[in-house]
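Peer 1: Please work out how this folds:
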Amino acid sequence: MTQPGESAADFVSPASHRVSNQPPPLDDFDPLDCDPALREALAEHGQSERIEELRPLARQAGSATAREHGRLANEHPPVLHSHDRYGHRIDEVEFHPSWHWLMERAVSEGLHAAPWAPDAPEGAHLHRAAGFYLWSQAEAGHGCPISMTFASVPALRHSPELAEFYEPGLRATNYDFGLRPAANKRGLLAGMSMTEKQGGSDVRANTTTAEPLADGSYRIVGHKWFTSAPMNDLFLTLAQTPAGLSCLLVPRVLPDGTRNAVRLQRLKDKLGNKSNASAELEYEGAIGWLIGEEGRGVRSIIDMVSMTRMDCVLGSTANMRIALSEAAHHTAHREAFGSTLNRTPLMRAVLSDLAVESEAAVGLAMRLASGIDRGQRGDRAELDLLRLALPATKYYVCKRAPTMIGEALECLGGNGYVEESGMPRLYREAPLLSIWEGSGNVTALDTLRALHKQPDTAETLLTELDRTAGSDERYDRSLRRLRAELGEPREERARALAERLVLTLQASLLLRTAPTEVAETFLATRLDGDGHTLGATGTRSDVLLDRVTPRKD
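Peer 2: The predicted model follows:
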């Protein structure tokens with residue numbers, strides 16, 4: 001105990017209580033500055049002059065303000081209010097103000113629909129993909145309603161009258177939260193309502209029914225097991241009509257201002273993605289309108305699924321990139337055994353592996369986005385390539401995210417396991433996009449399905465890959481293995497085929513566009529490596545580390 005005249009402060013060791021050897025917060029950095037892979041990809045696809053247009057969005061994504069809003073939106077998840085204080089059924093979800101802050105900025109930037117505007121410039125899908133990727137690094141959950149709105153437009157165009165009425169609101173850059181008739185809102189958001197508890201990905205097993213009415217609308221009755229962003233203004237819903245499974249547009253508020261009979265049963269308690277509400281819905285005679293042909297619901301909604309799969313790739317790539325930024329930043333400032341962590345040989349090998357994983361994902365994601373632009377302009381070869389490469393990429397890149405982000409978390413040691421670091425949130429988010437819009441087996445099998453339904457897609461892919469043939473024996477060997485898999489596709493080998501397809505495509509892109517040391521690191525660790533954990537090959541790259549480490553002014 002202390003003696004008279006003494007205080008506890010007299011016994012505190014200044015050295016032991018001084019905060020030292022801790023990295024500064026990764027706030028107010030520019031994620032575009034430390035992402036040369038993105039800049040190189042944009043330049044490769046004709047977007048050099050528009051790179052600087054992304055700078056304000058990138059800086060805001062890396063700002064302390066945006067990062068704090070991302071934290072708060074996840075610390076305070078949405079809350080379902082089924083009834084008001086008087087007992088009236090309202091079926092509303094309350095979000096934290098930070099969610100609205102993030103949504104407002106995403107919508108104002110056109111990340112939800114800009115490429116669909118009649119006056120959209122050439123390369124609009126690529127530019128939007130780059131923006132979505134950069135902004136998703138601030139917070140991942142709110143990307144769900146942004147992505148579904150983006151993907152709803154091509155599906156809605158199967159019914160020109162509905163598209164004419166709803167599309168202007170879906171394209172508007174005003175975030176207008178709240179349940180009101182579409183005609184009274186400055187901006188609209190859309191969602192998807194497909195999954196049912198007995199079917200999951202097997203949507204043809206859906207039991208929700210839609211009865212045609214005399215006025216051309218349908219009365220919908222049934223249950224949906226997983227519908228995200230239930231406060232969006234309209235949902236593309238699958239239901240069984242007399243002609244079979246059909247796609248319908250179901251607004252939350254009917255044109256006369258009354259609430260549609262869409263009941264929110266409960267919100268899902270998810271592993272991650274806490275900021276975003278995902279609900280179980282009950283349609284109790286809800287009113288909807290047919291999109292496309294009756295009985296051809298999958299055909300109507302498939303465009304939406306393809307676009308959301310593209311955003312799953314972008315979202316996983318964004319989560320990997322911000323995890324890499326956190327790891328590179330921490331190890332550049334944390335010292336151990338006489339040097340910063342990023343100067344030690346084994347940590348450099350790990351960081352190089354993390355960096356090349358990120359760069360390969362970025363390059364491929366932007367290549368696919370550019371393919372969407374060209375496909376929209378009528379390039380059949382690009383459409384064929386996307387049919388095969390998009391499900392494979394969704395399979396592989398989204399499945400790599402948990403492994404990569406887990407390794408990035410470990411670079412921070414015990415600090416990375418603590419919520420305050422932000423890394424646990426990224427880690428919990430990581431498996432999500434591998435599951436949504438078709439889990440691993442579904443997307444791998446979709447790769448096979450594309451081959452069986454349109455065999456020409458294989459030749460289109462190989463034509464693309466042959467551009468790089470002869471540049472490296474490791475690449476040529478991988479290409480030969482892929483040809484063999486494509487020539488004899490088997491269901492039990494679907495995952496192996498998807499993985500080989502993506503690795504070969506990533507190698508081809510890096511050999512053509514990346515600095516030699518970056519491509520060499522990928523070839524050594526992905527096509528010629530002797531280890532199965534990140535960093536196990538021992539390959540180190542000063543160029544990669546310098547490229548990806550965030551710098552603050």
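
Peer 1: quick one, strands of this protein?
Peer 2: 79-83, 89-94, 190-193, 209-212, 218-228, 234-241, 244-251, 262-267, 278-291, 335-336, 339-340 (DSSP state E).

Peer 1: Out of those strands, flag the one nearest Ala360.
Peer 2: strand 339-340 (25.9 Å; CB to CB). Just so you know, the C-beta spots here come from the backbone N, C-alpha and C atoms, and that holds for glycine as well.

Peer 1: So for that closest one, mean pLDDT?
Peer 2: On average, the pLDDT along strand 339-340 is 93.

Peer 1: can I get the strands of the chain in TSV with mean neighbour count and distance to Thr457?
Peer 2: Formatted as TSV, the strands of the chain follow (neighbours: other CB atoms under 10 Å; distance: least, CB to CB, whole Å):
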stretch	mean neighbour count	distance to Thr457
strand 79-83	12	43
strand 89-94	16	41
strand 190-193	27	25
strand 209-212	18	34
strand 218-228	20	30
strand 234-241	25	26
strand 244-251	24	25
strand 262-267	17	39
strand 278-291	21	27
strand 335-336	13	50
strand 339-340	13	48
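
Peer 1: Tell me which of those lies nearest to Val356.
Peer 2: strand 339-340 (20.7 Å).

Peer 1: Parallel or antiparallel, list what pairs with that closest one.
Peer 2: Here strand 339-340 has these sheet partners by DSSP bridges: strand 335-336 (antiparallel).

Peer 1: any idea of the mean pLDDT for the partner strand?
Peer 2: pLDDT averaged over strand 335-336 gives 90.

Peer 1: Over to stretch 106-117?
Peer 2: 98.

Peer 1: Tell me the pLDDT of the residue nearest to His142 when sequence neighbours are not counted.
Peer 2: For His142, ignoring the flanking residues on the chain, the nearest one in space by CB to CB, 6 or more residues apart in numbering is Leu102 at 4.6 Å. Reported pLDDT at Leu102 in the predicted model: 98.

Peer 1: One more: Glu410?
Peer 2: Per the predicted model, pLDDT is 97 at Glu410.

Peer 1: So it sits against Ser421, correct?
Peer 2: No - between Glu410 and Ser421 there is no contact under CB atoms under 8 Å: 11.7 Å.

Peer 1: who's more crowded, these two?
Peer 2: Ser421 (18 against 15; other CB atoms under 10 Å).

Peer 1: Against His330, how distant is the more buried one?
Peer 2: 8 Å (CB to CB, to the nearest Å).

Peer 1: Need the overlap of contacts for the two.
Peer 2: Contact with both Ser421 and His330 is made by residues Leu412, Asn415, according to CB atoms under 8 Å, 6 or more residues apart in numbering.

Peer 1: Which residue comes closest to Glu139 once chain neighbours are left out?
Peer 2: Gly70 (3.3 Å).

Peer 1: can you redo the strands of the chain as a markdown table with distance to Leu38?
Peer 2: Shown next, in a markdown table, are these (distance: least, CB to CB, whole Å):
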| stretch | distance to Leu38 |
| --- | --- |
| strand 79-83 | 36 |
| strand 89-94 | 34 |
| strand 190-193 | 28 |
| strand 209-212 | 43 |
| strand 218-228 | 27 |
| strand 234-241 | 31 |
| strand 244-251 | 35 |
| strand 262-267 | 35 |
| strand 278-291 | 30 |
| strand 335-336 | 30 |
| strand 339-340 | 26 |
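
Peer 1: wait, which of the ones you listed is closest to Val305?
Peer 2: strand 190-193 (8.2 Å).

Peer 1: What strands line up against the closest one, and which way round?
Peer 2: Taking DSSP bridges as the criterion, strand 190-193 sits next to strand 234-241 (parallel) in its sheet.

Peer 1: Help me confirm that Ala205 comes into contact with Gly199.
Peer 2: Yes - judged on CB under 8 Å, Ala205 makes contact with Gly199 at a distance of 3.6 Å.

Peer 1: Neighbours of Arg186, how many?
Peer 2: Arg186, neighbours per other CB under 10 Å, totals 10.

Peer 1: count of neighbours near the nearest residue to it once chain neighbours are set aside?
Peer 2: The shortest distance from Arg186 to any non-neighbouring residue, by CB to CB, 6+ apart, is to Asn174 (3.9 Å). Using other CB under 10 Å, Asn174 is surrounded by 12 other residues.

Peer 1: do the same with Ser108
Peer 2: By other CB under 10 Å, neighbour count at Ser108 equals 14.

Peer 1: Also Glu164?
Peer 2: Glu164: 11 neighbours (other CB under 10 Å).

Peer 1: Let me see the contact set for it.
Peer 2: Contacts of Glu164 by CB under 8 Å, 6+ apart: none found.

Peer 1: what pLDDT does it get?
Peer 2: On the pLDDT scale, Glu164 gets 97.

Peer 1: And it, how far from Lys185?
Peer 2: 16 Å.

Peer 1: Val93 pairs with what?
Peer 2: Leu80.

Peer 1: pLDDT value on it, please?
Peer 2: At Val93, the pLDDT recorded in the model is 98.

Peer 1: That one and Arg266 touch, don't they?
Peer 2: No - taking contacts as CB under 8 Å, Val93 lies outside contact range of Arg266: 11.1 Å.
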